[in-house]
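Visitor: I'd like to go over a predicted model; first the sequence, then the structure.
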Amino acid sequence: MYPRFCFICVLTLFIDAVSLHQVVESVEGGSVNLKCSHKNILLEDKHLTVHWRHNDIRNVFDIIRGKVSIKEQDPAYKNRAEVLHEQLKGHVFLKLTDLQLSDRGTYLCFVPALGIYHSTQLVVKERTLPKYEAILVQVRSHGTGTRLGRTLHLLIPLTGLILHFI
């Protein structure tokens, strides 16, 4: 009976530890919300401090004693990072917009007063551009057939038709 009990305890600890790390995927130029914890965090009640770091070195966002602080924010995240918490009923999310390939990596959220240390692996996929077929057409006057000196460039992507005059 004792070995089975130990196995269940270890398994429970392992499952809880695994839930503190997640993987999130997005596309270059897009946006993403990264969750800080699987537990409810009430910032207003306790005036908590919450830190977000990228790859352990870049300061993404801080909440100091319940108030937003961007004094030491890495310039790469200026106007691209915000923390959402009011409307999310106790969950704190870091919202990153205009994602760049350099945003790939591990984001750490920690709340020292609650002992929360949560990591998220962000995978940013390169944006793929559609392939175009270019067709050049000389523009002529209707009726006389005289060239008007303009060329019509037709760019035909796989998803539709774009007209471009030069």
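Guide: Everything's here; your move. Numbering: from 1, shown residues only.

Visitor: residues near the closest residue to residue 29 other than its chain neighbours, how many?
Guide: Ranked by C-beta to C-beta, 6 or more residues apart in numbering and with sequence neighbours excluded, the top spatial neighbour of residue 29 is residue 127, at 5.5 Å. In short, each C-beta sits where N, CA and C put it, glycine included. By other C-beta atoms under 10 Å, the residues close to residue 127 number 11.

Visitor: going forward, begin numbering at 10 instead of 1
Guide: Right, with 10 as the first residue, what we last looked at is residue 136.

Visitor: any idea how far residue 136 lies from residue 88?
Guide: Residue 136 sits at a distance of 20 Å from residue 88 (criterion: C-beta to C-beta, to the nearest Å).

Visitor: same check on residue 119?
Guide: 24 Å.

Visitor: ok, residue 137 next?
Guide: Here the criterion is C-beta to C-beta. By it, residue 137 lies 26 Å from residue 88.

Visitor: just residue 82 next, same as before
Guide: 10 Å.

Visitor: more crowded one of these two?
Guide: Applying other C-beta under 10 Å to residue 82 and residue 88 shows that residue 82 carries more neighbours, namely 18 against 9.

Visitor: who touches the more buried one in this structure?
Guide: Residue 82 makes contacts with 68-71, 90, as judged by C-beta atoms under 8 Å, 6 or more residues apart in numbering.

Visitor: apply 7 Å and report the result again.
Guide: Shown in contact with residue 82 (C-beta atoms under 7 Å, 6 or more residues apart in numbering): 68, 70.

Visitor: that's a strand at it, yeah?
Guide: No. Read with DSSP: H, G, I helix; E, B strand; the rest coil, residue 82 is coil and lies in no strand.

Visitor: quick check: pLDDT value at it.
Guide: pLDDT recorded at residue 82 is 95.

Visitor: poorly predicted segments of the protein, please.
Guide: Residues of the chain that meet the criterion pLDDT under 70 lie in 10-29, 47, 51-55, 94-99, 138-175.

Visitor: contact partners for residue 104?
Guide: Residue 104 makes contacts with 40, 42, 91, 93, as judged by C-beta under 7 Å, 6+ apart.

Visitor: span of stretch 58-68 from start to end?
Guide: 14 Å (C-alpha to C-alpha, to the nearest Å).

Visitor: list the contacts of that stretch.
Guide: For stretch 58-68, the external contacting residues (C-beta under 7 Å, 6+ apart) are 45, 69-74, 81-83, 85, 101, 103, 114-122.

Visitor: ok so, going back, so the residue nearest to residue 38: helix, strand or coil?
Guide: Secondary structure for residue 136, judged by three-state DSSP, is coil.
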